[in-house]
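Student: Provided below are the primary sequence and the corresponding predicted coordinates.
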Amino acid sequence: MTASPASPSTTSRAKWRSGLVTGVLVLLTLSLGMFVDQRLPDPASVREAPFIREVSRNASVNLRTGQVSVVNLNASPTLRGQQVVAVSKEGTFLVLDLEFRARNQPGTLSHLTLQATDGRTFGGLPPTGSDGCGPAQPGIPVRCQVVFEVDRPALAGLKLRVPSDNVSSGQGDVVALIDLSIDPAQAQRLNAQKAPLDVSSVAQVQERP
């Protein structure tokens with residue numbers, strides 16, 4: 001028995017279906033490619049993104065320019081130094097004692113910021129102290145203080161961001177992110193302190209139990 005040839009209408013429908021399937025596959029491939037492309041980071045942003053090194057308070061972190069650690073902290077709504085008194089009306093001052101050891105050439109610390117758990121960032125005053133946190137000579141540790149005015153509820157969970165050099169963004173460089181290890185209980189104690197802090201000398205700022 002000889003099979004009858006397919007009718008023109010049947011052949012047209014088969015070609016239409018084949019073309020439709022091909023078109024759908026092409027659209028799916030393009031959509032998948034666009035989805036993957038949108039999810040992949042831009043090469044330029046990858047090159048410029050800082051390399052984050054996270055440590056806890058009292059632990060040293062190595063940066064390209066040197067080694068830094070937070071050795072102490074305290075807080076008060078009132079600061080006193082060099083015949084000047086500063087009062088925080090809506091928050092409190094967080095005073096950090098830092099130790100910095102330059103690596104291969106004289107270096108300084110600058111553009112330090114605090115990062116809160118809710119995403120907010122607090123800028124600090126320039127570091128002060130007998131050595132001013134730089135320019136530190138290679139291998140010789142120096143001490144300094146940096147002061148931040150922060151909202152009281154933001155104390156718990158704060159982290160200190162320290163770029164390697166005098167570039168606030170830290171693009172393409174190592175950036176230290178130091179967890180100050182302030183839990184809610186310690187934040188409550190720090191917020192309860194009212195005595196003025198003398199920030200003219202590192203030795204006069206001591207953490208209270």
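Tutor: Alright, I've got the coordinates.
Student: tell me which helix or strand of this structure sits lowest on mean pLDDT?
Tutor: Using mean pLDDT, DSSP states H and E, helix 43-48 stands out as the lowest-scoring helix or strand of the chain, at a mean of 52.
Student: quick check: what element follows it along the chain?
Tutor: strand 51-56 (DSSP states H and E).
Student: can you point out the buried residues in that next one?
Tutor: Val55 (16 or more other CB atoms under 10 Å). The C-beta positions use only the backbone N, C-alpha and C, and glycine is treated the same way.
Student: and stretch 64-80, average pLDDT?
Tutor: If you average the pLDDT over stretch 64-80, you get 90.
Student: list the buried ones in that stretch?
Tutor: For stretch 64-80, by 16+ other CB under 10 Å, it's 65-70, 72-77, 79-80.
Student: need these in a markdown table with distance to Leu155 and secondary structure, can you?
Tutor: Listed next are the buried residues of stretch 64-80 as a markdown table, based on distance: CB to CB, whole Å; DSSP: H, G, I helix; E, B strand; the rest coil:
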| residue | distance to Leu155 | secondary structure |
| --- | --- | --- |
| Thr65 | 29 | coil |
| Gly66 | 27 | strand |
| Gln67 | 26 | strand |
| Val68 | 21 | strand |
| Ser69 | 20 | strand |
| Val70 | 14 | strand |
| Asn72 | 15 | strand |
| Leu73 | 10 | strand |
| Asn74 | 12 | strand |
| Ala75 | 7 | strand |
| Ser76 | 12 | strand |
| Pro77 | 12 | coil |
| Leu79 | 16 | strand |
| Arg80 | 21 | strand |
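Student: let's have these in JSON lines, adding distance to His111.
Tutor: Formatted as JSON lines, those follow (distance: CB to CB, whole Å):
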{"residue": "Thr65", "distance to His111": "12"}
{"residue": "Gly66", "distance to His111": "15"}
{"residue": "Gln67", "distance to His111": "17"}
{"residue": "Val68", "distance to His111": "13"}
{"residue": "Ser69", "distance to His111": "18"}
{"residue": "Val70", "distance to His111": "16"}
{"residue": "Asn72", "distance to His111": "21"}
{"residue": "Leu73", "distance to His111": "19"}
{"residue": "Asn74", "distance to His111": "22"}
{"residue": "Ala75", "distance to His111": "22"}
{"residue": "Ser76", "distance to His111": "24"}
{"residue": "Pro77", "distance to His111": "25"}
{"residue": "Leu79", "distance to His111": "21"}
{"residue": "Arg80", "distance to His111": "26"}
